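Enquirer: Predicted structure and sequence below. I'll ask about it afterward.
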Amino acid sequence: MKHAFRLPHPAAAAFALALLFVASAGARAQTLSPTPDALIFQITNTSIPSPPPATPTPTPSPTPTPTGTPVPFARNSYASDVSGNGRFVVIESEGDISTERTASRNNADGNPEIFLFDYAQRRIFQITNTKNALKDAAASPIDPANIDVRVVNLRPVISHDGRFIVFVSNAYSDANPALSPANFDGTTNAAALKADGNSEIFVYQIPQYPEVDLTSGTEVAPVDLAAGTMTRVTTTPASALPRAGTSTVPAFFSLDNDAPAVNDDASFIAFVSQAKSGIPGESNADGNREVFIFNRLTGAFVQVTNTQDKAPTNDNPLGTLVFNVNPSLSGSGNVLAFISNADIGTSEAAANQNNGEIYVANFSGSAVTGLRAVTQTPHFLVNGAESGISVNLLNPGRRLSRDGKLLAFESLANFNTDGSLPSTPLANSTGIYIYNIAANTFTQVASRPPSDQTDVGERWPTFTGDSS
């Protein structure tokens, strides 16, 4: 099991990947070696300048006055997922990071785009090429006040076999199904965006590429990995229409379909949707965030959860907004995990309900069975009052081992091996646990941070490809 962090750089989006690379004392060409050394290197470095003034004004003084350097906007890059053989890294980035950028295909406007880094080719390919809908096409595309409808591409994951990328995007037009996030101009399609503009699930099929043996030292023939096929999975009406941005309030769009997860070959795609309609066979009239699974081979959807918000009561005067989020699939796709506060089939005491608990279920490809809670934990109280702090954390990503036997998560709970809680049920910092699904046992990984040290809060634990 590995620990991962998703941390944006405050000044410029940059991240480092631990990859095998040829290292030597002197600079040399990128020639592959049969015995490469391990080296950590940075593959993105992204920032763009502040919006320029609409009309430059000459300085009236006969002596030019130096103008301060504008502070650049931070542009973040995230290594969202890695293929099973480590060759491909799918990246969500606001930077212009493609090594293959052209005048017509780039990210100079800083949109959240999907990129694919191919270690074998030593190239970064821009998979999506989208632009916001602007109020004034002649004005700055990066000025928040000029964004009429924000266009995004988010949450990319890649299949273990390195053949498919799944992500969410609102770069589409219901009036023109031929358009996709591969190339989309929001200003040209502003009317369609304003009528909908919510996020949908998309699948990108990576072009066929030759398998290579990097230990041979042979250079790899170039393949354009941005020339693949884009397919839209969901078609749902927006829960709320988009709103334009201002100088103080960013543009709004509905993130109705979110958090995709895939099995090894992306034949099963789990995701979260709060759409009230549009998914065949769904029941979600109240617009809760529910978990669905899409079978890419049959085109069928399966609704995993069907929950409702809880109305206010004397003991709970504000009621409870119910959620089901962050699904994760095993390699075969036959095991599913997610986190929910819906108390599905709960046996918890009433005082402990409405807490985010972790669930697992079995999936046959057409039906879900054996849905059950893994955790049963109390609320985290401060001076006897509800703190709003989640006891259990199941972040987006690969939290299930490929063989579907183990589940990694974080929790404030002091679990005993059998999942029960001691007299002091909660700690002040999160610990990492491995849950053995068949044995129904909990094992804490290492130890929690000391109470006198600041905790990073989230560690995003995940498994290696061999489920170790």
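Expert: Good, I have the coordinates.
Enquirer: Tell me the pLDDT of the nearest residue to A351 once chain neighbours are set aside.
Expert: Excluding its sequence neighbours, the residue lying closest to A351 (C-beta to C-beta, 6 or more residues apart in numbering) is P378, at 7.2 Å. For every residue, glycine as well, the C-beta is placed using N, CA and C. pLDDT, P378: 94.
Enquirer: same deal with the one 10 residues further on?
Expert: According to the predicted model, the pLDDT of G388 comes to 78.
Enquirer: A351 should be in a helix, yeah?
Expert: Yes. Counting by DSSP: H, G, I helix; E, B strand; the rest coil, A351 is part of a helix.
Enquirer: Start the count at 599 instead of 1 going forward.
Expert: OK, 599 is where the count begins now, so the last one is A949.
Enquirer: Which parts of the stretch 649-798 of the chain are strands?
Expert: 671-672, 675-680, 686-691, 711-716, 721-724, 728-729, 731-732, 745-747, 751-756, 762-767, 782-783, 798-803 (DSSP state E, counting those that start in this stretch).
Enquirer: okay, these in CSV with distance to R699 and mean neighbour count next?
Expert: Listed next are the strands of the stretch 649-798 of the chain as CSV, based on distance: least, C-beta to C-beta, whole Å; neighbours: other C-beta atoms under 10 Å:
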stretch, distance to R699, mean neighbour count
strand 671-672, 19, 17
strand 675-680, 15, 22
strand 686-691, 12, 25
strand 711-716, 10, 26
strand 721-724, 7, 22
strand 728-729, 14, 22
strand 731-732, 21, 23
strand 745-747, 22, 23
strand 751-756, 16, 24
strand 762-767, 19, 26
strand 782-783, 17, 20
strand 798-803, 18, 23
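Enquirer: What is the top strand by length along the chain packed up against?
Expert: Across the chain, the longest stretch assigned as strand under DSSP state E is strand 1024-1034. On a contact count with 3 or more C-beta pairs under 8 Å, 6 or more residues apart in numbering; DSSP states H and E, strand 1024-1034 meets strand 1004-1011, strand 1039-1043.
Enquirer: List the residue ranges of the stretch 949-1066 of the chain that fall below the pLDDT cut-off.
Expert: The stretch 949-1066 of the chain contains residues with pLDDT under 70 at 1066.
Enquirer: Using CSV, please lay out the strands of the stretch 649-798 of the chain together with mean pLDDT and distance to S1045.
Expert: Converted to CSV, the strands of the stretch 649-798 of the chain look like this (pLDDT from 0 to 100; distance: least, C-beta to C-beta, whole Å):
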stretch, mean pLDDT, distance to S1045
strand 671-672, 71, 34
strand 675-680, 91, 27
strand 686-691, 98, 31
strand 711-716, 98, 35
strand 721-724, 98, 39
strand 728-729, 98, 45
strand 731-732, 98, 51
strand 745-747, 98, 47
strand 751-756, 98, 31
strand 762-767, 99, 36
strand 782-783, 98, 49
strand 798-803, 99, 39
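Enquirer: okay, those in JSON lines with distance to S964 next?
Expert: Output for these, formatted as JSON lines (distance: least, C-beta to C-beta, whole Å):
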{"stretch": "strand 671-672", "distance to S964": "45"}
{"stretch": "strand 675-680", "distance to S964": "26"}
{"stretch": "strand 686-691", "distance to S964": "28"}
{"stretch": "strand 711-716", "distance to S964": "30"}
{"stretch": "strand 721-724", "distance to S964": "35"}
{"stretch": "strand 728-729", "distance to S964": "34"}
{"stretch": "strand 731-732", "distance to S964": "39"}
{"stretch": "strand 745-747", "distance to S964": "37"}
{"stretch": "strand 751-756", "distance to S964": "22"}
{"stretch": "strand 762-767", "distance to S964": "20"}
{"stretch": "strand 782-783", "distance to S964": "33"}
{"stretch": "strand 798-803", "distance to S964": "19"}
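Enquirer: can you tell which of the ones you listed is closest to I942?
Expert: strand 798-803 (23.4 Å; C-beta to C-beta).
Enquirer: which strands and helices sit next to the closest one?
Expert: Counting by 3+ C-beta pairs under 8 Å, 6+ apart, strand 798-803 packs on strand 762-767, strand 827-830, strand 855-860, strand 866-871.
Enquirer: Could you identify which of the helices and strands packed on strand 1024-1034 is most buried?
Expert: strand 1004-1011 (a mean of 23; mean count of other C-beta atoms under 10 Å).
Enquirer: helices and strands around it, which ones?
Expert: Strand 1004-1011 packs on strand 955-961, strand 990-991, strand 1024-1034, going by 3+ C-beta pairs under 8 Å, 6+ apart.
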